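> Fold the following and give me the result.
(chains A and B)
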Amino acid sequence: MGLRDVAVVGAGLTKFMRRSLETGRELAFEASKMALDSCGLTMDDVDCVVIGTAPDAFDGVHMKGEWLADGAGGWRKPVMRGYVGGGTGVFSPIQAWYHIASGLFDVCLVVCEEKMSTCQPHPQGAFLTIFDHTTERALKPNLLWIFAMEMQRYMTTYGISERDIARVAVKNKRNGLDHPATQVGADITVDDVMNSAVMSWPVKRLDVSPTSDGAVAMVLASDRVARRITDKPVWIQGVGWSLDTQYWANRDLAYPTYLEKAARMAYSMAGVKEPRKEINIVEPYDPFDYKELHHLEGLQLAPKGGAPQLIIDGVTERTGNMPSCPSGGLLGVGNPIAAAGLMKVSEIFWQLRGEAGKRQVPGTPARGLAQAWGDLMQVGTVIILGNEPSSR
Amino acid sequence: MTRRVAIVGVGATVFRSVSPELSYKELMYEAAIRAYADAGIDPRVDVDSFVTSAEDLHEGTSIFDEYTPDQLGGVLRPNHTITADGLNSIAAAYMQILTGEFDVVVVEAHSKASNSLTPEQVAAYALDPVYTRPLRAHPHFIAGMEMNRFLSESGYTREQCAQVCVKNRRNALANPLAAYGASTELREVLESPPAFAPLSHADIARYADGAVVVVLADEERARQLNSIPIWVRGVGWCSDTPALETRDWGQAVYARLSSQMAYKMAEIQNPREEIDLAELDDSFSYKELQAMEALGLCEPGQAGAMTVAGETKPDGSLPVNISGGSLGTGLAHEATGLLKLFEIVLQLRGHAGPRQLKNARVGVAQSWKGIPHTSGAVVVLGRE
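So this is what the prediction gives:
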C-alpha cells in the first residue's frame, strides 16, 4: 500500500496517571526512549518526527508541538504535528505512514503526549473552547452533555439498555488490570456501573474514562529498513480518516457515518472485503462505554444497533472470536487523549507480535484494527495492522 | 517510480489590516472557490484529501480542525490540520500524493489576526511556561536579541535591514493583495521609534487578515486540467530547538537545513545560479538577510550589500519578496508562507501582471514559525 510498505517496529509508553510530576516534555522523552530502546535504535537512526497532542489549552502552551519537539527527539529534524481532536492518537501514525510511504523518509518516530492535569480545576474548562464561539459557547456546554445526547439517541433508536452498555465498562476495566500503564483497571460489576453517580443522564461516573497524563511513542520504518531492524515487523495495511460537518446538531447521532467512510477507506487499502471475518482483533475508541458499541457498528464489525449482542455473546471478550479493547482501552487503562489513541495502536502491535503478556489473546491473530474519534462527534481515524503487508 | 506533483490551482483573498465584514469562514470560502475555479475542479468530487494549517490560540478555538471542512467542500472526506505554516501543509499534501493513494489534495491557511486585540499576549503563551514566561517580557524581545546577535556576528548594519523594509513595502504597491504597500524612505525606517533595539517599529511586519487555498495534483491529473501546472520540485522543513538558552542566535539553522532538504530533492546544486526568484521570511526586516544566507542565495556575508546594491529588487539579479513580503503584504499567521508560494506560482505561470518577471523558471518560498521558535519550511517550485 502506498509507494512502499511501512511497518511498526517498536513502541513504548509511560504509565497513565491522574497527575504526573513530569512535564509534557519529560513524558514525551520517556515514551520516545522506551520505543527506540525496544527496537535498538537511537535518534541518529530517525529521519523525521511526528507529534500528536490535542488542544494547546490543556497545557496552556501556545504552539505546543514546538515546545514538545525536543523532548520528542525533534531536534534539527523535520517535525510535523497534525491533529484531528480526539482522533489524533490514531491519526499520528497515519501521518507517519504517509511520511514513509511517500518515499521521502525511512524511519519516523511518532510521539503522542497529553497532560490534562495542568488544566485546573478540570479540563472541561479547556473543552468549552472547542465549541462554536457564537452559536454554542454562550450556552456553556459540557462534553458530558453532548455525549449524553448521543448515548441517548443511540439507545432510543435501537432499543438498547443502559445495563447492556455497562457491560463494556466492566469488560474494559477488567482487561485494564493486566496493562502495566493502567490508571483505572478494576474488577467491577454491571450493578456498580448502574449505581455510580449520574453525571448527565444516561451517562454515569463508571460509563466514562478518566482524565489522565501520559505519553506513547512508536517507531515506523520502510519495508527495506524494517526487515533489518526486526524479525517481526507489523505492517500497516490500511489507513482512513474522515471529518464530518461542524454542524453536529444537524446530524443523526445514532450512527457515525464519518467512521464508516474512514473504515471503508482503510478496508479498501488493506484489501479487506469482509471485515467481520478478516479483522481478528479490534481496539475501538472507548472514552465512554457506549462509544465502543457505536464504533463497532461504524466500523462495519456489527450491524446497526447490533453491537450490544456481541458483548452479550462474549464475542468481544479477550477469549472471544473478535476481542475488543483487550488492552483495557480508555475505560480500563486511562485517557490522556492523543496518547490513548496511540496506546490502542501499540496494543495491536504487541498482540500481533505475541508480546502482549497477560493481555495476549489466544490463537495467532493476523490482523487488527485501531480507531479513534474526536472533535464535535465528527471525526473517525482508522489504522489496520497485520503480520503481512497489504495484499492489495 | 516517484510521482511528480504540481500546483494546479491557487486562490487568495485580498489581505487587509482588518476585515470586520467577513468571518474567517467567509475568507476561507472565498479563497477556496477561487482556487477551485482556477484548477477547474469540484471539491466534492475531485479532491481526495484536505490539509489545513492553524494554531488553536490564533483562532481562539481549541481543536480548530472542527471548523475547516464545511467552507472548503470537504465534509465527510479526509481532512486534517497541521499546527505550522501553510508551506508545511504543502509538504504534507505533497507526501500524500507521492504515496499514490491520493491524486488531488487541497491546502488551506488563513489569518484573522485582527480578532486578537493583544497578539503579543497570545505569543507570550508560546514561551516556556517554567523558564521564560514568568519574565513577563513582550515576546518580541527575542527578535531584538536575535537581530543584535545576527548583526554583530555577520557584520550587517541596521541600514541594510532598513533597505529591506523600503524595498518590500514599495514592491507591495504593485500587488493588489497587499495591505501595507508604501513609498517609504530609508530615513523614515531608521528614524522609526525603537521597539526592541536594534529593532525599530518599522522593522516589524504588521498583521493582516486573509486566506489562501492551493490545489495540488499528481502529474496525470495535472496534465488533464486546464491551468498551467507549476511543479513542486522539492520540500523541506525542520525544527531546531525551542530552548532559548541553547539555540544558535545568529543563524537560521532551521532554514539552512530545510533548504538543504528541498534542494536535494529538487537537484539544485547551486541555488545562487539556479533560482530565479525567492519569497523569503521577512516578518522582521533582518530575517530576509538571514534567510538569504541560510538558503545559499548569496555569498556568505553579502546579503546586505546585495540588498543595498538593488540586486534583490524586481529588476535585480535575484528578486526577493517581489510580492512585497510580509512587510508589504502583511503577516498572515499560517497563511504567510502560502502568500509567498502564491506569488511564485503567479510569476512562474506568467500571470503576475505589472510585477511579472521575465524568464522566471525556478522559485523558492520559505517561511518561519515565528517568535519564539526556530522551525520553518522551504518549497522549491519550477515551470518544468
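
> May I ask you to confirm that A:Pro365 is in contact with A:Leu352?
Yes. A:Pro365 lies in contact with A:Leu352 (C-beta atoms under 8 Å); the separation is 6.0 Å. For the C-beta atoms, the positions are set from N, CA and C on the backbone; glycine is no exception.

> quick one, which of these two is more surrounded?
Ranked by neighbour count (other C-beta atoms under 10 Å in any protein chain shown), A:Pro365 and A:Leu352 place A:Leu352 first, with 25 against 22.

> so what's the more buried one up against?
Contacts for A:Leu352 (C-beta atoms under 8 Å, 6 or more residues apart in numbering or on different chains) come out as A:234, A:281, A:365-368, A:385-387.

> and if you look at B:Leu216?
Contacts of B:Leu216 (C-beta under 8 Å, 6+ apart): B:5-8, B:90, B:93-94, B:97, B:104-107, B:232.

> restrict the residues you listed to contacts with chain A.
When contact is defined as C-beta under 8 Å from any C-beta of the partner chain, those meet chain A at B:Tyr94.

> Please work out how many residues are found near residue 316.
No chain was given, so I picked chain A. When neighbours are defined as other C-beta under 10 Å, A:Thr316 has 27 of them.

> you looked at the wrong chain, it should be chain B
Neighbour tally, B:Gly316, other C-beta under 10 Å: 15.

> Hmm, it is touching B:Gly310, no?
Yes. Because the distance of 5.3 Å satisfies C-beta under 8 Å, B:Gly316 is recorded as touching B:Gly310.

> ok, back up a step: put together a markdown table for the contacts of B:Leu216, with secondary structure and pLDDT on each row.
Compiled in a markdown table, the contacts of B:Leu216 are given as follows (DSSP: H, G, I helix; E, B strand; the rest coil; pLDDT from 0 to 100):
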| residue | secondary structure | pLDDT |
| --- | --- | --- |
| B:Val5 | strand | 98 |
| B:Ala6 | strand | 98 |
| B:Ile7 | strand | 98 |
| B:Val8 | strand | 98 |
| B:Ile90 | helix | 98 |
| B:Ala93 | helix | 98 |
| B:Tyr94 | helix | 98 |
| B:Ile97 | helix | 98 |
| B:Val104 | strand | 98 |
| B:Val105 | strand | 98 |
| B:Val106 | strand | 98 |
| B:Val107 | strand | 98 |
| B:Val232 | strand | 98 |
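
> Turn the contacts of B:Leu216 into CSV, including neighbour count.
Shown next, in CSV, are those (neighbours: other C-beta atoms under 10 Å in any protein chain shown):
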residue, neighbour count
B:Val5, 27
B:Ala6, 23
B:Ile7, 31
B:Val8, 27
B:Ile90, 31
B:Ala93, 28
B:Tyr94, 24
B:Ile97, 26
B:Val104, 24
B:Val105, 25
B:Val106, 30
B:Val107, 29
B:Val232, 25
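
> lowest confidence element among the helices and strands of chain A?
Sorted by mean pLDDT, DSSP states H and E, the helices and strands of chain A end with helix A:124-127, the least confident at a mean of 90.

> now residue 238, what's its secondary structure?
No chain in the question, so chain A it is. strand (DSSP: H, G, I helix; E, B strand; the rest coil).

> Chain B was what I was after
strand.

> Tell me how many other residues surround it.
B:Cys238 has 25 nearby residues by other C-beta under 10 Å.

> Please determine whether the one helix or strand B:Val364 maps to lies in contact with chain A.
For B:Val364, the host element (DSSP states H and E) is strand B:362-368. No. Taking C-beta under 8 Å from any C-beta as the criterion, strand B:362-368 and chain A are apart, separated by no less than 11.6 Å.

> Show me the strands paired with that strand, marking each as parallel or antiparallel.
With DSSP bridges as the test, strand B:362-368 is paired with strand B:277-279 (parallel), strand B:375-382 (antiparallel).

> So for B:Val130, which of those sits nearest?
strand B:375-382 (20.5 Å; C-beta to C-beta).

> Pull the closest one out as PDB, backbone CA atoms only.
C-alpha atoms of strand B:375-382 as PDB (Å, rounded to 0.1, in the frame of the first residue of the first chain):
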ATOM      1  CA  SER B 375      11.400  26.000  12.800                       C
ATOM      2  CA  GLY B 376      10.400  26.600   9.200                       C
ATOM      3  CA  ALA B 377       9.800  25.200   5.800                       C
ATOM      4  CA  VAL B 378      11.000  25.700   2.200                       C
ATOM      5  CA  VAL B 379       9.300  24.800  -1.100                       C
ATOM      6  CA  VAL B 380      11.000  24.900  -4.500                       C
ATOM      7  CA  LEU B 381       8.700  25.300  -7.500                       C
ATOM      8  CA  GLY B 382       9.600  25.100 -11.100                       C
END
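
> residue contacts, B:Ala54?
Listed by C-beta under 8 Å, 6+ apart, the contact set of B:Ala54 reads B:64-65, B:68, B:81, B:83, B:109-110, B:334.

> Could you dump those into TSV with pLDDT added?
TSV is the format used below for the contacts of B:Ala54 (pLDDT from 0 to 100):
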residue	pLDDT
B:Phe64	96
B:Asp65	97
B:Thr68	97
B:Thr81	98
B:Thr83	97
B:Ala109	98
B:His110	98
B:Glu334	98
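
> can you name the two of those residues that are farthest apart?
Of all pairs in the contacts of B:Ala54, the most separated under C-beta to C-beta is B:Thr83 and B:His110 at 14.1 Å.

> Those two: who's more crowded?
B:His110 (30 against 27).

> so that one bridges to which residues?
B:Ala211.

> What distance do you get for it to chain A?
Distance from B:His110 to chain A, counting by C-beta to the nearest C-beta, to the nearest Å: 15 Å.

> Surely that residue touches B:Val212?
Yes. Between B:His110 and B:Val212 a contact is recorded at 7.3 Å, counting by C-beta under 8 Å.

> quick one: common contacting residues for these two?
B:31, B:332, B:335.

> Out of those residues, which sit inside helices?
Residues of those located in helices (DSSP state H): B:Ala31.

> Would you reformat the shared contacts of B:His110 and B:Val212 as CSV and include pLDDT, neighbour count and distance to A:Phe127?
Converted to CSV, the shared contacts of B:His110 and B:Val212 look like this (pLDDT from 0 to 100; neighbours: other C-beta atoms under 10 Å in any protein chain shown; distance: C-beta to C-beta, whole Å):
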residue, pLDDT, neighbour count, distance to A:Phe127
B:Ala31, 98, 27, 30
B:Ala332, 98, 29, 29
B:Ala335, 98, 35, 27
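
> residue contacts, the residue in the stretch 251-392 of chain A positioned nearest to chain B?
When scored by C-beta to the nearest C-beta, the stretch 251-392 of chain A has A:Asp375 as its residue closest to chain B, at 4.4 Å. For A:Asp375, the contact set (C-beta under 8 Å, 6+ apart) comprises A:84-87, A:130, A:243, B:63, B:65-66.

> Does chain B have contacts with stretch A:202-211?
No. On the criterion C-beta under 8 Å from any C-beta, stretch A:202-211 is out of touch with chain B, staying 14.9 Å away.
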